[in-house]
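*Asks:* got a structure for you, letters missing:
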């Protein structure tokens with residue numbers, strides 16, 4: 001059993017910002033500690049953004065062909081990133097989610113193939129979700145086990161990425177779940193202004209509330225469900241976008257403002273005044289959204305240094321690989337709803 005690992009973590013999220021890569025040194029003392037050695041985001045080209053956004057509508061044959069190209073892209077970025085780094089033990093990769101319908105026993109991320117190990121010449125640990133879904137779980141969220149080990153000085157961790165998800169309860173049983181869609185919706189609306197995203201939330205801040213849309217969003221069935229629960233882009237396409245489309249004649253500023261208010265309400269009701277909440281993910285830079293959270297909840301919301309805001313998910317996926325190689329639990333049944341705690345992830349070694 002090793003006490004030190006140097007790992008490259010790879011994360012591609014539903015907001016399609018790009019591929020996050022980190023190199024992290026993990027060391028087990030009284031508990032696991034980490035040092036972030038290097039981090040970078042490789043933005044997707046407009047062509048790749050379009051391809052990945054539409055991939056769930058393609059045939060299995062086309063998905064497989066695109067996956068081969070995606071693995072090459074992923075490998076090239078990893079090789080570029082690892083140049084000058086030494087002593088890498090393995091790559092731990094999330095892949096990019098195409099389907100996530102756990103209630104139907106389906107979750108699929110492209111990039112989780114042995115070819116990635118062959119092209120990079122590193123051992124690769126990947127496909128962290130499938131085993132959990134096979135055990136009756138949601139296959140998500142997976143980040144909370146990292147929060148438990150690495151960020152337990154906070155009472156809760158809130159990630160604001162393509163979706164908002166939370167983990168809490170580190171002193172007893174970890175409780176974690178997805179709350180609502182965030183940047184998957186904001187970024188689509190920002191496109192109407194010719195922008196990739198709403199910088200600092202200024203567009204949303206400038207708008208006015210559409211009461212009927214606000215009420216319709218808050219009435220969505222998902223918000224009444226108890227955890228464990230998780231969200232995928234399929235849910236956004238089916239439930240959220242059709243609602244927004246009903247108000248397409250309203251200014252985009254008003255729709256973004258209304259959606260921001262909706263997020264603030266849905267997130268705010270998950271926290272009490274006694275909680276100290278670490279906020280990470282791209283949404284942490286949305287100043288208007290952060291102001292709403294502080295207005296609509298009495299919890300203390302903490303923004304860490306930018307490297308943690310930007311790369312916490314990639315860092316934790318690197319850590320999931322460490323737990324997997326050690327055969328320690330990296331999937332919590334209390335979080336995903338699976339039949340038992342387990343160590344998930346497929347390990348590929350480069351052929352000699």
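*Replies:* Structure received. Note that this is a predicted model, so its numbers are computed, not measured. Numbers count the residues shown, from 1 in each chain.
*Asks:* if you go through the stretch 201-350 of the chain in chain order, where are the strands?
*Replies:* Secondary structure of the stretch 201-350 of the chain (DSSP state E, counting those that start in this stretch): strands located at 276-280, 300-302, 346-348.
*Asks:* And the longest one, what does it pack against?
*Replies:* Right, strand 276-280. Counting contacts by 3 or more C-beta pairs under 8 Å, 6 or more residues apart in numbering; DSSP states H and E, strand 276-280 packs against strand 156-160, strand 300-302, helix 306-325. Using the backbone N, CA and C atoms, a C-beta is placed for each residue, glycine as well.
*Asks:* Contacts for that strand, please.
*Replies:* Contacts to strand 276-280, defined as C-beta atoms under 8 Å, 6 or more residues apart in numbering, come from residues 151, 154-160, 271, 290, 293, 299-304, 308-310, 312-313.
*Asks:* same thing but at 6 Å, please
*Replies:* Contact partners of strand 276-280, identified using C-beta atoms under 6 Å, 6 or more residues apart in numbering, comprise 151, 154-159, 271, 299-303, 308-309, 312.
*Asks:* mean confidence for that strand?
*Replies:* The average of the pLDDT scores along strand 276-280 is 97.
*Asks:* Could you do stretch 65-78 as well?
*Replies:* Averaging pLDDT along stretch 65-78 yields 98.
*Asks:* Name the residues of it that are buried.
*Replies:* 66, 67, 70, 71, 73, 74, 75, 77, 78 (16 or more other C-beta atoms under 10 Å).
*Asks:* Give me the nearest residue to the fifth one, chain neighbours excluded.
*Replies:* This points to residue 73. In this structure, residue 73 finds its nearest non-sequential neighbour in residue 48, 7.2 Å apart by C-beta to C-beta, 6 or more residues apart in numbering.
*Asks:* Over to residue 3?
*Replies:* When the adjacent residues along the chain are set aside, residue 3 lies closest to residue 28, with 4.6 Å between them (C-beta to C-beta, 6+ apart).
*Asks:* List the beta-bridge partners for that neighbour.
*Replies:* According to DSSP bridges, the partner residues bridging residue 28 are residue 32.
*Asks:* Might one say that it is in contact with residue 1?
*Replies:* No - the pair residue 28 / residue 1 is not scored as a contact, 8.6 Å apart, by C-beta atoms under 6 Å.
*Asks:* and those two? which has more neighbours close in?
*Replies:* Applying other C-beta atoms under 10 Å to residue 28 and residue 1 shows that residue 28 carries more neighbours, namely 15 against 7.
*Asks:* Mind pulling up the pLDDT for the more buried one?
*Replies:* For residue 28, the model assigns a pLDDT of 96.
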